[in-house]
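> Sequence plus predicted model, see below.
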Amino acid sequence: MQDRFDPFFYRPVFKKLLEVIANNKTAKITLKEAVTNSYAGEWGEDPIDFEPNPDYELCYVVRNTNFHNDFNLDFSDVAQRHIKKSKAEKIALKKGDILIEKSGGSPIQPVGRVALIDDLPFDKPVVFSNFLQKMEVNKELFLPEYIFVYLQALYKTGYMDFIQNQTTGIKNLRLDDFFKILIIKPSIAEQKKVAMKAIECREEAKGLLEKAKIILASIDSFVLGELGIEIERERVSEPAQIWQIWSDAIEKRLDPMFFHPLRLRAIEAIKSANASVVPLSEAVKFRRELVSDIPENAPYVGLENIVSNSGEYIETNAKESISSAFVFKKGDVLFPKLRPYLNKVFYADFDGICSTEFHVFEAEKCDPYFLFSFLTRSVVVEQTSRLMTGNTLPRLQTEDIENLLIPIPNETTQEKIVAGVKTIYNKARNLRQEAETVIAEAQKQTAEMIFV
């Protein structure tokens, strides 16, 4: 017995995994011996309310949310924070560094993901949050790409499940145990071979996913085109932040974003559709049946179960932690209440229960899949962004979403839109599945190259 007493650490499956590594005839050293330095991160100060001073600088800060489970890092949403210069200089990221997720995780995801710094397309220093740890690989012994692939392969085997603990809902990686991981040390040439195999497959899969993304983006113009809705293709964040409105046009609310020109144009565009335009309250029936005694076998849909911009459902055991839920029926549409999750609209093709962070609709005046298809469009995002209330976490109240404008075209147009959207989703789904196959095969091959 080692220096731990928790039974989970001594499960046979983990013991077997350790034996596979230990029995490999190639030379091995601990991860601690394979790195030259390791640093904790810093979250820094919020630019909104922090008064800049010469001791601080504005930096980009990589967070857990920038980790991609199958690839590497996603820089599409990187935070900016003021970091003390002395700290920023110490933890600034550079090519070849490896980041470790030491705190975080979720009910369906262990902590301990890793990321390799191979590109930093930024105009300011890039650091990392206090939930992450940076390590610098001894490049005389290992290629950073090999260490990254090695640790990622271990993560996929479930290794990190056994070297984490959980307090107050957050999972924490046991860093002492993490740095005790034995690293199999083949020649640099063999390390390069393993790393290149993983990198090539990752790039192939990313290309497939990019194709899927482009296909999904075409849904917007297809649906709006069939409805005769024309609107300028610009984002709310891009236009000038100054506009004017006549006093006699002010109604209901005084907040400026309620009258943003793009949002007002979206509403006018919907009104001009080749269809009957009605408030959502006239097109659907709201389901509000709330249950606190959660049925054990009922499928559960939470925000984390929906794949963004695809409407796809991934089953998890997340319902174990919920205390109440809404009931939904096959053919219902689930619409998120919170702004960050507006891309997680779901069409239910089964009965079940869902998070109370959804509005649940039963379509009464149109095809339910047509309703789903329209509610995922850009003009709806503009409408809902206008209708939301609350500053910290804007949300859609029932009385607000009831006023959402919905075009209801004739049955032929509805059928054409439904068929077209399903075809596009199927093409994108096939590409994603192909990408998943490429990733799974790459993980299998690299694991065999490393551990066998």
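Here it is on my side, so go on.
> Need the pLDDT of the closest residue to K427 other than its chain neighbours.
Taking C-beta to C-beta, 6 or more residues apart in numbering, and ignoring the residues beside it in sequence, K427 has I215 as its nearest neighbour in space, at 5.3 Å. C-beta coordinates here come from the backbone N, C-alpha and C atoms, glycine included. As summarised for this prediction, I215 has a pLDDT of 94.
> ok, Y56 touching H82?
Yes: using C-beta atoms under 8 Å, Y56 is in contact with H82, at 4.4 Å.
> List the buried residues for stretch 77-91?
Applying a neighbour-count criterion of 16 or more other C-beta atoms under 10 Å, the buried positions in stretch 77-91 are V78, A79, R81, H82, I83, K84, K87, A88, I91.
> same thing with stretch 12-23?
Buried residues in stretch 12-23, defined by neighbour count with 16+ other C-beta under 10 Å: F14, L17, I21.
> do stretch 128-139 as well
Taking 16+ other C-beta under 10 Å as the neighbour-count basis, stretch 128-139 is seen to contain the buried residues F128, S129, F131, L132, Q133, K134, M135, V137.
> Out of the residues you listed, which comes closest to K171?
F131 (10.5 Å; C-beta to C-beta).
> Any regions of the protein where pLDDT drops low?
By pLDDT under 70, the low-scoring segments of the chain are 1-10, 107-108, 166-169, 232-260, 316-321, 390-393, 452.
> Show me the domain layout of it.
For the chain, whose domains are defined here by automatic domain parsing, the residue ranges read 7-185, 188-230+410-452, 237-271+276-408.
> Specify the local secondary structure of I183.
Three states are possible here, and by DSSP: H, G, I helix; E, B strand; the rest coil the one that applies to I183 is strand.
> so what's it up against?
I183 makes contacts with K28, I29, T30, L31, A34, F142, I147, Y150, as judged by C-beta atoms under 8 Å, 6 or more residues apart in numbering.
> Would you confirm that L262 contacts Q383?
No: in this structure, L262 is not within contact of Q383 by C-beta under 8 Å, at 10.9 Å.
> The two: which has the busier surroundings?
Q383 (24 against 18; other C-beta atoms under 10 Å).
> Name the nearest residue to the more buried one, ignoring sequence neighbours.
Nearest residue to Q383, sequence neighbours excluded (C-beta to C-beta, 6+ apart): L404, at 5.6 Å.
> quick one, what contacts the one you found?
Under the criterion of C-beta under 8 Å, 6+ apart, the contact list for L404 reads P279, L280, V380, Q383, T384, L387.
> Sort out which of these are buried, if you could.
By neighbour count, with 16+ other C-beta under 10 Å, these hold L280, V380, Q383, T384, L387 as buried.
> if we take those residues, which one ends up nearest to L338?
If you rank the buried ones among the contacts of L404 by distance to L338 using C-beta to C-beta, T384 comes first, at 10.2 Å.
> Quickly find the element holding that closest one.
Element membership of T384, judged by DSSP states H and E, is helix 378-387.
> Need the contact partners of that helix.
Identification of contacts with helix 378-387 by C-beta under 8 Å, 6+ apart yields 220, 224, 229, 231, 236, 257-258, 260, 262-263, 266-267, 269-270, 339, 342, 374, 394, 396, 400-401, 403-405.
> Show me the contacts of I183 that map onto helices.
Counted as lying in helices by DSSP state H, out of the contacts of I183, are L31, A34, I147, Y150.
> any idea which helix or strand carries K156?
With DSSP H and E as the criterion, K156 is inside helix 144-157.
> Assign the nearest residue to L99 once chain neighbours are set aside to helix, strand or coil.
The spatial neighbour of L99 that comes closest, neighbours along the chain excluded (C-beta to C-beta, 6+ apart), is A115 at 4.5 Å. Classification of A115 by three-state DSSP places it in strand.
> Could you give the number of residues near A115?
Based on other C-beta under 10 Å, the number of other residues close to A115 is 25.
> what's the answer for A27, then?
A27, neighbours per other C-beta under 10 Å, totals 10.
> ditto for D161
Taking other C-beta under 10 Å as the neighbour definition, D161 ends up with a count of 17.
> Was I right to think it contacts G105?
No: at 9.9 Å, D161 and G105 do not qualify as touching, with contact defined as C-beta under 8 Å.
> now, among the buried ones among the contacts of L404, which is nearest to L173?
When the buried ones among the contacts of L404 are compared for distance to L173 (C-beta to C-beta), T384 wins out at 37.7 Å.
> circling back to that earlier point, could you provide the buried residues of stretch 12-23 in CSV, with additional columns for distance to D351?
Listed next are those as CSV, based on distance: C-beta to C-beta, whole Å:
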residue, distance to D351
F14, 38
L17, 40
I21, 46
